[in-house]
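Visitor: Make a model of this:
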Amino acid sequence: MAYTTINKSTDYFNTKLYTGNGSTNAQTGVGFQPDWLWVKCRSDANGHQLFDALRTTYSLSSNESANEANRASDGFTSLDSDGFTMNGSGSGGSTNVNGRTYAAWNWKAGTGAGSSNTDGSINTTSTSVNSSAGFSISTYTGYGGASTVGHGLGAVPKMIIVKKRSGSSYDESWYVYHQALGNTHALSLNSTGASSDVNVWNDTTPTSSVFSVGNDSTNRSGNLFVAYCFAEKTGYSKFGSYTGNGNADGTFVYTGFKPAYIMYKNSSETGGHWQVYDNKRNPSNLADNVLRPNLSNAEGDGDTDESIDILSNGFKCRGFSNNNNNKSGVTYIYMAIGQSLVGSNNVPCTAR
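Guide: Sure thing, here's the model as predicted:
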């Protein structure tokens, strides 16, 4: 088995924990310029804020369907060579209130704002690609009807997240494609709904060069969109599904590496929240500090009903009394990002 040579998770992904100060707040130590920055307040109920290098100072909230908003004057300054800088308290206290604690998930894409990709029937405004880590960001303007958009990965995406950024229409949700759901179904990042049969992907599986968009939700004419695309890299990222067993000795999910970040969702029943764990907020097991992309809630702590173990080669569910992570017979989709099982330095990942 060929592994992706990534010696540590901070090469292409890193979680940064920080405390707000209500003023200029430069955070360093990420290890790279974060081309995608996802910030969530841990200590209080404030909305998620998602920034990227293509949209500069504009943010989107994963727990809302609203269009993007410019945060240059109330919470965001820049993406820097080794981190990011906040200013003020942020919209609704979402990024930098004095004394509040935050988690920032950072991904490395390409260099700067990227360039237009012309592989699809829609030319992207810009696409920033990191083929080593299997991650790209694209912005594009909707054309209307069935179309294709180039993602630049050179590999088939296993997961795609698309959000409309502008305009007013009947549907402004976040749409998530996952290979385990197939090309006819999607999940919404801002809801607890089960996967539904929709035409947002034009019932077409992505290829190594493009993904398909099928209606106004992902391709409304004249509206602006952003797409985050993920290809799987053996030893670094995994996108799959598992079935809950309803037991405290829960389902084990093999990833082939020690996860640094895990996000999963009940895809077969309505009512399950999106769940996020990482190795900085959860440095030891049980991992029970959960944040939910579809909610503005503060971080959950100590809820064994929704806890997991983060292991050297995957993760294991421990909760079982609700449908968020291990209900018997329920299907869950997940994405996991971490470090290589054995890197070029021949150092293996050790158990926690």
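
Visitor: neighbours around V39, how many?
Guide: By the measure other Cβ atoms under 10 Å, the count of residues near V39 is 27. Bear in mind the C-beta positions are built from the backbone N, C-alpha and C, glycine included.

Visitor: Name the helix or strand for it, please.
Guide: Here V39, judged by DSSP states H and E, is contained in strand 36-41.

Visitor: Helix or strand next in line after that strand, which one?
Guide: Next along from strand 36-41, by DSSP H and E: strand 49-52.

Visitor: buried ones in that following strand?
Guide: Residues Q49, L50, F51, D52 are the ones in strand 49-52 that count as buried (16 or more other Cβ atoms under 10 Å).

Visitor: Now do the strands in the stretch 251-352 of the chain.
Guide: With strands called from DSSP state E, counting those that start in this stretch, the stretch 251-352 of the chain shows them at 252-254, 259-266, 275-278, 308-311, 314-317, 331-338.

Visitor: Okay, buried residues for stretch 164-177 please.
Guide: Quick answer for stretch 164-177 (16+ other Cβ under 10 Å): K164, R165, S166, E172, S173, W174, Y175, V176, Y177.

Visitor: which of these lies closest to K233?
Guide: Nearest to K233 out of the buried residues of stretch 164-177 is Y177 (Cβ to Cβ; 17.8 Å).

Visitor: residues in contact with that closest one?
Guide: By Cβ atoms under 8 Å, 6 or more residues apart in numbering, the contact list for Y177 reads P157, M159, I160, I161, V162, N183, A186, V200, W201, P206, F211.

Visitor: do V129 as well
Guide: Each residue near V129 by Cβ under 8 Å, 6+ apart is listed here: A109, G110, G114, F135, S136, H151, G152, L153.

Visitor: what's the neighbour count on the closest residue in space to S191 that isn't next to it in sequence?
Guide: Nearest in space to S191, with sequence neighbours left out and distances taken as Cβ to Cβ, 6 or more residues apart in numbering, is N294 at 5.9 Å. Counted with other Cβ under 10 Å, the neighbours of N294 add up to 22.

Visitor: Equivalent analysis for R281, please.
Guide: R281 has 19 nearby residues by other Cβ under 10 Å.

Visitor: Neighbours of the closest residue to N202 other than its chain neighbours, how many?
Guide: Leaving aside its sequence neighbours, N202 sits nearest to G214 (Cβ to Cβ, 6+ apart; 3.3 Å). For G214, the count of nearby residues is 18 (other Cβ under 10 Å).

Visitor: thinking again about what came up before, only C-alpha atoms, please: export the strand holding V39 in PDB.
Guide: The C-alpha trace of strand 36-41 is given here as PDB (Å, rounded to 0.1, in the frame of the first residue of the first chain):
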ATOM      1  CA  TRP A  36      -9.100  27.700   4.600                       C
ATOM      2  CA  LEU A  37      -9.700  29.000   8.200                       C
ATOM      3  CA  TRP A  38     -12.700  27.700  10.200                       C
ATOM      4  CA  VAL A  39     -13.200  29.400  13.600                       C
ATOM      5  CA  LYS A  40     -15.600  28.400  16.400                       C
ATOM      6  CA  CYS A  41     -16.000  29.800  19.800                       C
END
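
Visitor: The stretch 51-200 of the chain: strands as residue ranges?
Guide: Using DSSP E, counting those that start in this stretch, the strands of the stretch 51-200 of the chain run over residues 58-59, 69-70, 78-80, 83-86, 101-107, 126-130, 135-141, 147-150, 157-164, 174-178, 185-188, 196-197.

Visitor: Can you tell me which of the ones you listed is nearest to S284?
Guide: Nearest of the strands of the stretch 51-200 of the chain (Cβ to Cβ): strand 101-107, 16.7 Å.

Visitor: Within the sheet, what are the partner strands of that closest one, with directions?
Guide: strand 13-19 (antiparallel), strand 36-41 (antiparallel) (DSSP bridges).

Visitor: Which positions in that strand come out as buried?
Guide: Of the residues in strand 101-107, T101, Y102, A103, A104, W105, N106, W107 count as buried by neighbour count, 16+ other Cβ under 10 Å.

Visitor: Which positions within stretch 21-33 qualify as buried?
Guide: Buried, per 16+ other Cβ under 10 Å, within stretch 21-33: N21, G22, N25, Q27, V30, G31, F32, Q33.

Visitor: can you give me how far it is from the chain middle?
Guide: Relative to its chain's centre, stretch 21-33 lies at 20 Å (Cα atoms, centre = their mean, to the nearest Å).

Visitor: What of stretch 142-159?
Guide: Offset of stretch 142-159 from its chain centre (Cα atoms, centre = their mean): 17 Å.

Visitor: In it, which residues are buried?
Guide: By neighbour count on 16+ other Cβ under 10 Å, the buried set for stretch 142-159 is 142-143, 146-153, 155-159.

Visitor: ok, back up a step: so of the contacts of Y177, which two are at opposite extremes in space?
Guide: I161 and N183 (15.3 Å).

Visitor: Sounds good, over and out.
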